[in-house]
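S.K.: Take this sequence and fold it.
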Amino acid sequence: MIRNYHMLTLGCVVAILAGAVVADARPRLTGEQELAEMLKDRVPGKPVDCIDLPMVSSSTVIDKTAIVYQLGSTYYVQRPVDGADQLDRDDILVTRLTTSDLCSIDTVQLHDRASGIWRGFVSLDKFVPYTRPRTVNPAK
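M.R.: You can find the predicted model right below:
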């Protein structure tokens, strides 16, 4: 019975490791490719200076490229004017605001997720909204 348990455990470990090898075998997308994939069915709108940070439902860091903030169904793409090369998907974004808006004049601190140690910061630029195009119903 104990031997069967060890064989089952060993089998699970081998399966997990094999899965990890297969996952690593897939080519990793560049930051630009990952962003293009995220925005593939969306169209850009007019850039805005600020977004209402409490309304953000999620944010995604795209390695060395951008931060994407989601407000409702709209994605706001932030391509920092300085420090974008420091962006890492494992970063924790720390913002200190005087109002509820995150604006193009603000900076965002980058902290390592594992250690919490400050890694740097990015200087923000305008936010470009990306939405899905409205579909037009053909006249009947």
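
S.K.: Quick check: chain neighbours aside, which residue is closest to E32?
M.R.: Distance criterion Cβ to Cβ, 6 or more residues apart in numbering; nearest residue to E32, sequence neighbours excluded, is T65 at 6.0 Å. Quick note: C-beta positions are derived from backbone N, CA and C, even for glycine.

S.K.: Work out which residue lies at the spatial centre of the chain.
M.R.: For the chain, the residue nearest the mean C-alpha position is T60 (1.8 Å; Cα atoms, centre = their mean).

S.K.: hang on, S123 packs against D82?
M.R.: Yes. S123 is within contact range of D82, at 4.0 Å (criterion: Cβ atoms under 8 Å).

S.K.: re the thing from before, can you get me a residue count around the residue nearest to E32?
M.R.: Look at T65: counted by other Cβ atoms under 10 Å, it has 19 neighbours.

S.K.: doesn't A36 make contact with it?
M.R.: No. Counting by Cβ under 8 Å, T65 stays clear of A36, with 10.0 Å between them.

S.K.: and K64, what is it in contact with?
M.R.: Contact partners of K64, counting by Cβ atoms under 8 Å, 6 or more residues apart in numbering, are G31, A84, D85, Q86, L87, D88.

S.K.: per-residue confidence at the residue lying closest to it once chain neighbours are set aside?
M.R.: Closest residue to K64 apart from its sequence neighbours, by Cβ to Cβ, 6+ apart: G31 at 4.8 Å. Each residue has a pLDDT score; the one for G31 is 94.
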